[in-house]
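1. okay, here's the prediction I keep looking at, along with the sequence it came from:
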Amino acid sequence: MLNTMYLTLKIKLAPDQQQHQALLKTMHTFNKACNDIAETVFKHQCANKINLQKLVYYDIRERYGLSAQMTIRAIAKVVEAYKCDKRIKPVFKLSGAMIYDQRILSWIGS
């Protein structure tokens, strides 16, 4: 059995202007998708990630062009926000945090 250890890195990005714009576009798209998912969460009063995934996954991937894992992370972000107060629909700022994990972003180093 292979044991894998993951490390969390705190890094500071130094993108050039083109990369900066690409990162902003990705963040804005992710948060627009979160707002779209929030509409469904609130309408269906659904706080279950698996059930919500069945409702929105393919539509969100197609509409926003997100990768599979980014779509899953957006669903999780919305569900967690909704669980904080189920009386209100979560709203996400375009520049809100975007969750990265080892399936979205990773470094292979020595």
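-> Perfect, thanks for sending it. Numbering: from 1, shown residues only.

2. what is the neighbour count of residue 73?
-> Neighbours of residue 73 under the rule other CB atoms under 10 Å: 21. For every residue, glycine as well, the C-beta is placed using N, CA and C.

3. correction: residue 4
-> Using other CB under 10 Å, residue 4 has 5 neighbouring residues.

4. so how far is residue 29 from it?
-> 30 Å (CB to CB, to the nearest Å).

5. low-confidence stretches in this protein?
-> Counting by pLDDT under 70, the low-confidence segments of the chain come to 1, 107, 109-110.

6. quick one: the strands in it?
-> Read by DSSP state E, the chain holds no strands at all.

7. tell me, what residue is most central in it?
-> residue 74 (2.9 Å; CA atoms, centre = their mean).

8. flag every buried residue along the longest helix along the chain.
-> Determined from DSSP state H, the single longest helix within the chain is helix 17-44. Going by neighbour count (16 or more other CB atoms under 10 Å), the buried part of helix 17-44 is 27, 29-38, 40-42.

9. repeat for stretch 41-57
-> In stretch 41-57, the ones that count as buried by 16+ other CB under 10 Å are 41, 42, 46, 52, 53, 55, 56, 57.

10. next: stretch 5-17.
-> Going by 16+ other CB under 10 Å, stretch 5-17 has no buried residues at all.

11. equivalent analysis for stretch 70-81, please.
-> For stretch 70-81, a neighbour-count test (16+ other CB under 10 Å) marks 70, 71, 72, 73, 74, 75, 76, 77, 78, 79, 81 as buried.

12. what sits against the third one?
-> Think residue 72. Residue 72 is in contact with 53, 57, counting by CB atoms under 8 Å, 6 or more residues apart in numbering.

13. could you dump the buried residues of stretch 41-57 to JSON lines with distance to residue 105?
-> Shown next, in JSON lines, are the buried residues of stretch 41-57 (distance: CB to CB, whole Å):
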{"residue": "41", "distance to residue 105": "26"}
{"residue": "42", "distance to residue 105": "30"}
{"residue": "46", "distance to residue 105": "28"}
{"residue": "52", "distance to residue 105": "24"}
{"residue": "53", "distance to residue 105": "21"}
{"residue": "55", "distance to residue 105": "27"}
{"residue": "56", "distance to residue 105": "23"}
{"residue": "57", "distance to residue 105": "21"}
